[in-house]
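sequence and predicted model, in that order:
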Amino acid sequence: MSHASPLDQQINRWGFWSVIIFAVTTVLSFYLPLDVANGYDAAHSDRVTWLNEHRNVFVAGWVNQIVSMLSLSAAFAAAAWVAAGDNVLRGALGAFFVALATMAFVIPKFIAVWTIPMLASAAATGTAGSEMAHSLLPLLNVSIPFSLYTSFDYLGFWLYAVFALLIAGPLYGETLKSNIASVSLGVFGVIYHLCLLVLLSGGMAPADIGTYFIGSSLLLFFHLLAMAFVFKSAGSD
């Protein structure tokens, strides 16, 4: 596929700055708590108390997560554009799965910013809807890997993994940076699907889901680091 040079440069610059924004929001996420300490084992009453006492920082943390996710999706979309230069169909399909993943991520993160703080307030004050709030908050627990909330997050990462398998091949090229970007992305896609098979077959305990699935996602940092150099060199041509 022959891209128009100005558009090609703009998309590569967009991809580069998306990686930078993702890196900044990732650092910020270490300072913005997303749930009560030891959230997996925390009692419901402790979570309600924490959510009300730390409402502002909780919302700030999840707003940061929304920005982080959008920048990550933007970087992946730009990578799909690069891949489309060698394989138009796989690049287009990759961008499609990134769009689906973005929607899957936006839903729970918006719930964290909009719904969960109000539910926690209603549960604590006993106002209208408090009974519903007490029943919904466990379903929207952001730390338990099999809650309705986290199911959307893992769906989003699975869609990212499909994207990874689609464009890892077309990204492989003649430079070391493109090869690192391709291999790290492809390995992430394979490992994530292997983890999913183990989980669906009953071979993984719920407490281990985060360790294996989030652990496999760390490979995306190698991909993004390599793609930052790919974007920078292509965007400055």
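Yes, it's here.

residues contacting His44?
134, 137-138 (Cβ atoms under 8 Å, 6 or more residues apart in numbering). Using the backbone N, CA and C atoms, a C-beta is placed for each residue, glycine as well.

scan the residues you listed and report the most crowded one.
Leu137 (21 neighbours; other Cβ atoms under 10 Å).

now it. Nearest residue, chain neighbours left out?
Leaving aside its chain neighbours, Leu137 sits nearest to Leu119 (5.3 Å; criterion: Cβ to Cβ, 6 or more residues apart in numbering).

what strand or helix carries that neighbour?
Assigned by DSSP states H and E, Leu119 belongs to helix 88-125.

hang on, the earlier thing: now distance to Thr49 and secondary structure too, for the contacts of His44, in JSON lines please.
Putting these into JSON lines (distance: Cβ to Cβ, whole Å; DSSP: H, G, I helix; E, B strand; the rest coil) gives the following:
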{"residue": "His134", "distance to Thr49": "13", "secondary structure": "helix"}
{"residue": "Leu137", "distance to Thr49": "12", "secondary structure": "helix"}
{"residue": "Pro138", "distance to Thr49": "15", "secondary structure": "helix"}
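
turn those into a markdown table, including pLDDT and distance to Ile11.
Below are these laid out as a markdown table (pLDDT from 0 to 100; distance: Cβ to Cβ, whole Å):
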| residue | pLDDT | distance to Ile11 |
| --- | --- | --- |
| His134 | 90 | 47 |
| Leu137 | 92 | 41 |
| Pro138 | 90 | 43 |
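
mind putting those residues in TSV, distance to Asp208 included?
Output for these, formatted as TSV (distance: Cβ to Cβ, whole Å):
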residue	distance to Asp208
His134	29
Leu137	24
Pro138	21
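
out of the residues you listed, who's nearest Gln65?
Ranked by distance to Gln65 (Cβ to Cβ), the contacts of His44 are led by Leu137 at 18.6 Å.

that closest one and Trp114, how far apart?
14 Å (Cβ to Cβ, to the nearest Å).

shaky segments in this structure?
By pLDDT under 70, the weakly predicted segments of the chain are 1-4, 235-237.

still on that earlier bit, specify which member of the contacts of His44 is nearest to Ser5.
Nearest member of the contacts of His44 to Ser5, counting by Cβ to Cβ, is Leu137, at 52.3 Å.

show me where the protein has helices.
For the chain, the helices defined by DSSP state H cover 5-29, 44-53, 55-84, 88-125, 130-139, 148-171, 176-200, 209-217, 219-235.

any chance of those helices in a markdown table with distance to Asp35 as columns?
Listed next are the helices of the chain as a markdown table, based on distance: least, Cβ to Cβ, whole Å:
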| stretch | distance to Asp35 |
| --- | --- |
| helix 5-29 | 12 |
| helix 44-53 | 7 |
| helix 55-84 | 8 |
| helix 88-125 | 9 |
| helix 130-139 | 11 |
| helix 148-171 | 10 |
| helix 176-200 | 22 |
| helix 209-217 | 12 |
| helix 219-235 | 22 |
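
residue closest to the middle of the protein?
In the chain, the residue lying closest to the centroid (Cα atoms, centre = their mean) is Met69, at 5.1 Å.

OK, contacts around the closest residue to that residue other than its chain neighbours?
Of all residues not flanking Met69 in the chain, Phe105 sits nearest, at 4.7 Å (Cβ to Cβ, 6+ apart). Taking Cβ under 8 Å, 6+ apart as the criterion, Phe105 is in contact with 69, 73, 152-153, 156.

no more questions from me, cheers.
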